[in-house]
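Undergrad: Sequence first, predicted model second:
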Amino acid sequence: MHVGGGVPTQRHSSLSPSFAAQTMFQDRLQAQLVPALQSAFQHLFSHELDVRSVGFQPTRPEFEGDLTINVFPFLKISGKGPEQTATDIGEFLQRQVPIVERFNVVKGFLNIVIADSYWTDFLREAGNKDILQFPSTGRQVMVEYSSPNTNKPLHLGHLRNNFLGHSVSRILKAAGNEVVRVQIINDRGIHICKSMVAWQKFGKGETPETSGLKGDKLVGKYYVEFDKAYKAEIEQLVTGGMPKEEAEKQAPLMKEAQAMLLAWEANDPAVRALWERMNGWVYAGFNATYTRMGVEFDKLYYESQTYVLGKEDVRKGLEKGVFYTKPDGSVWVDNTAEGLDEKVLQRGDGTSLYMTQDIGTAVKRFEEFPALQQLIYVVGNEQDYHFKVLFIILKKLGFTWAEGLHHLSYGMVDLPSGKMKSREGTVVDADDLMQEVVDEARKAGEELSKLDEFSEEEKSALYETIGLAALKYYLLKVDPKKRMLFDPAASIDLQGHTGPFIQYTYARIKSLLRKAVELSVGSSQLSVASGPLTTDNHQLLPEERAVIKFLHQFPAVLNEAATKLEPSTIANHTYELVKAYNSFYQSVPVMKEEDPDKQRSRLVLSAAVATVTKKAMWCLGIGVPERM
RNA sequence: GGUCCCGUAGCUCAGCUGGAUAGAGCAUCUACCUUCUAAGUAGACGGUCACAGGUUCGACUCCUGUCGGGAUCACCA
């Protein structure tokens, strides 16, 4: 079980190779300019310029230009002052590179203006194909996420985990990888036995059907019942004079649960039957939650099956001398050379531990998927140490694929009231939260009342899409590594930097495109998007240019998101894009434009923004409505 | 105590391998619906980037230390 309840913080930036195509320039503009720049250095300063030392940055809005080169680092090479250096390079580029229209120099900054034709060429491309779909890398990548316990329902922490895992899977897919999504369900152990004992004792045969409770909620209820009754027993024992620690061990309920665990391991038919029955309830409940979340898995692992794995690998490790035994028979690994500690891998009685089965499960996965090159564990940063140790062990065991292991370590989600604690009842239930955001979307939608022609069914579907967008975007826009604060009010906000804001922009564009079709500016959306673009008779407006630039940056953003496993990068850039588009929309006429060329060009721009936005949101696991 | 993470506007977050006057959203205030969806746009207000040193032509960014917050160091998972 990897996820557990909480949600803490840390950083893990040692990225194994790369999850995206490394060789290709995701930024075509730079691909054109870098060689020219090298050539400039050759001619002007007789210097061989290292590609890696070139840093283009977008020109700040207050200056004229599209790209900026900071020449300060080159002064030693040029042997001239900053202004002269920048001017020399600028003049060379303008002469040699057709798309370099002109340039200006401010202090040590060379601002380059790229020709409109370059941008419109790009726009045509963005309108015609999916610029957020990279060619295949030929790599197969496994992403493990969710991985709950079966003794309690999913909560807010799981939401961040699931949304991250699902989004990362999609990002990697868009970046050209084949992705296998998995989870490992902790369906065995003392925790589920507690629920079982409590249900037997207090349940009176209650089922999801008779109680009307979702299966996972029902089982969770008995987990809580157990805890309550157990605490009462302890208190009684303590009042009777027993020390607390002793009481915790001697409480009859705990003894019963432990006995049940033994019976389970001994394959006791009655215990197994109850176990399967109650787990069945939980899975039905989980599936309903997953469906509403919109997350999916390609393969499920169960700890009841994997917990026996790993012993063989531990034995082999002992043979190789990678591990060692202590006098009591327990098996250890010494990671002090790596700056860590010694870690136990197998108990003195030969039974396995969390670490043991994680070793075995990893081995099994690479056996089952021979083409697998990367395995990403989406697990809270409270387990940073565990994964560090796990990866070191697998490397020590000599598995070459161990280089492709990665822990996507994400930070805890805090509540305004502080940390989420299941024992204190401060957990935010996943189902409740999703219902809440959807209700809120409905409330807001009905206030605006512009959906009169929608059927009830259509409205419900729309509110579902909007509410979940609010929640998902709220959780995904923050850097995964960082601990974040969950503010309920902000999470259901539909304005500003939110998912619904992006959806709204999309819906508005679709409305515009429908109108264009109606007025037969194009006989279909496709032809709207594929018509010729003329710029001979007009220059791109600043608003148009700004939008195109955000589109242009997007492939590089996807590349970055795939490399760093950061959906937040895409979330934030999508927001920047639609914000620029809204600004354009507000001040530049499209359907009202009389010049047909300009109009077509703006429709293409709008269509491209819609297409890219939809795909970007898909990468986040968020849907976009055609109207709202 | 050892190891690791975090500290940017009142609040929540961006800030790319060091580069121009540190950016958004929320909140507060102002303006804009007889023009393509106002779930929108434009603007105002708001900062000793925790603190102190250091490296550098240049530091929110890199290094050291201090303070504050958190995680983890189980024959638990």
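TA: Sure, I can see it.
Undergrad: Residue of chain A nearest RNA strand B, please.
TA: Using CB to the nearest atom of the strand, the closest approach of chain A to RNA strand B is made by residue A:496 at 2.1 Å. For the C-beta atoms, the positions are set from N, CA and C on the backbone; glycine is no exception.
Undergrad: can you count the residues close to that residue?
TA: Using other CB atoms under 10 Å, residue A:496 is surrounded by 10 other residues.
Undergrad: I'd like the distance between residue A:46 and residue A:78.
TA: 11 Å (CB to CB, to the nearest Å).
Undergrad: Looking at those two, which one has more neighbours?
TA: Remark: of residue A:46 and residue A:78, residue A:78 carries more neighbours, 18 against 8, as counted by other CB under 10 Å.
Undergrad: Please look at that one and residue A:88 and confirm they touch.
TA: Yes - when contacts are counted by CB atoms under 8 Å, residue A:78 is listed as touching residue A:88 (7.1 Å).
Undergrad: Can you check which residues contact both of those two?
TA: residue A:44 (CB atoms under 8 Å, 6 or more residues apart in numbering).
Undergrad: Correct me if wrong, but residue A:345 is in a strand.
TA: Yes - counting by DSSP: H, G, I helix; E, B strand; the rest coil, residue A:345 is found in a strand.
Undergrad: Contact partners for it?
TA: Contacts of residue A:345 (CB under 8 Å, 6+ apart): A:314, A:317, A:323, A:331, A:332, A:333, A:353, A:355, A:356, A:359, A:393.
Undergrad: The residues you listed: which ones sit near RNA strand B?
TA: Contacts with RNA strand B are made by residue A:353 out of those, judged by CB under 7 Å from any atom of the strand.
Undergrad: Buried among the contacts of residue A:345? Need that as a selection in PyMOL.
TA: A single PyMOL command suffices to select whichever of the contacts of residue A:345 are buried according to 16 or more other CB atoms under 10 Å:
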select buried, chain A and resi 314+317+323+331+333+353+355+356+359+393
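Undergrad: Adding pLDDT and secondary structure, write the contacts of residue A:345 out as TSV.
TA: TSV is the format used below for the contacts of residue A:345 (pLDDT from 0 to 100; DSSP: H, G, I helix; E, B strand; the rest coil):
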residue	pLDDT	secondary structure
A:314	94	helix
A:317	94	helix
A:323	94	strand
A:331	93	strand
A:332	94	strand
A:333	94	strand
A:353	90	coil
A:355	93	helix
A:356	92	helix
A:359	95	helix
A:393	95	helix
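Undergrad: Throw the contacts of residue A:345 into JSON lines and include distance to residue A:104, thanks.
TA: Output for the contacts of residue A:345, formatted as JSON lines (distance: CB to CB, whole Å):
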{"residue": "A:314", "distance to residue A:104": "66"}
{"residue": "A:317", "distance to residue A:104": "64"}
{"residue": "A:323", "distance to residue A:104": "65"}
{"residue": "A:331", "distance to residue A:104": "68"}
{"residue": "A:332", "distance to residue A:104": "66"}
{"residue": "A:333", "distance to residue A:104": "61"}
{"residue": "A:353", "distance to residue A:104": "65"}
{"residue": "A:355", "distance to residue A:104": "60"}
{"residue": "A:356", "distance to residue A:104": "65"}
{"residue": "A:359", "distance to residue A:104": "60"}
{"residue": "A:393", "distance to residue A:104": "57"}
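Undergrad: any idea which of the contacts of residue A:345 is closest to residue A:231?
TA: Within the contacts of residue A:345, the smallest distance to residue A:231 is 27.4 Å, found for residue A:353 (CB to CB).
Undergrad: ok, now how distant is the closest one from residue A:347?
TA: 7 Å.
Undergrad: Quick check: residue A:428 touching residue A:421?
TA: No - using CB under 8 Å, residue A:428 makes no contact with residue A:421, being 11.3 Å away.
Undergrad: The two: who's more crowded?
TA: residue A:428 (17 against 13).
Undergrad: Now the more buried one: closest residue in space, sequence neighbours ignored.
TA: residue A:156 (4.1 Å; CB to CB, 6 or more residues apart in numbering).
Undergrad: Tell me how many other residues crowd the one you found.
TA: 24.
Undergrad: any idea how far residue A:220 is from it?
TA: Taking CB to CB, one finds residue A:156 at 15 Å from residue A:220.
Undergrad: Over to residue A:421?
TA: Taking CB to CB, one finds residue A:421 at 15 Å from residue A:220.
Undergrad: what do you get for residue A:66?
TA: 56 Å.
Undergrad: For residue A:536, report the pLDDT, please.
TA: Residue A:536 carries a pLDDT score of 56 in this model.
Undergrad: same thing with the one 4 residues further on?
TA: On the pLDDT scale, residue A:540 is placed at 90.
Undergrad: need the contact list for residue A:580.
TA: Per CB under 8 Å, 6+ apart, neighbours of residue A:580: A:543, A:546, A:547, A:550.
Undergrad: thinking in terms of the whole chain, how far from its middle is the helix or strand in which it is found?
TA: Under the criterion of DSSP states H and E, residue A:580 resides in helix A:567-587. Put simply, helix A:567-587 sits 19 Å off its chain's centre (CA atoms, centre = their mean, to the nearest Å).
Undergrad: After it, heading C-terminal, what element do we hit next?
TA: That would be, after helix A:567-587 and using DSSP H and E, helix A:596-620.
Undergrad: list the helices and strands that next one packs on?
TA: Identification of packing neighbours for helix A:596-620 by 3 or more CB pairs under 8 Å, 6 or more residues apart in numbering; DSSP states H and E yields helix A:116-128, helix A:156-174, helix A:456-476, helix A:499-518, helix A:525-530, helix A:542-564, helix A:567-587.
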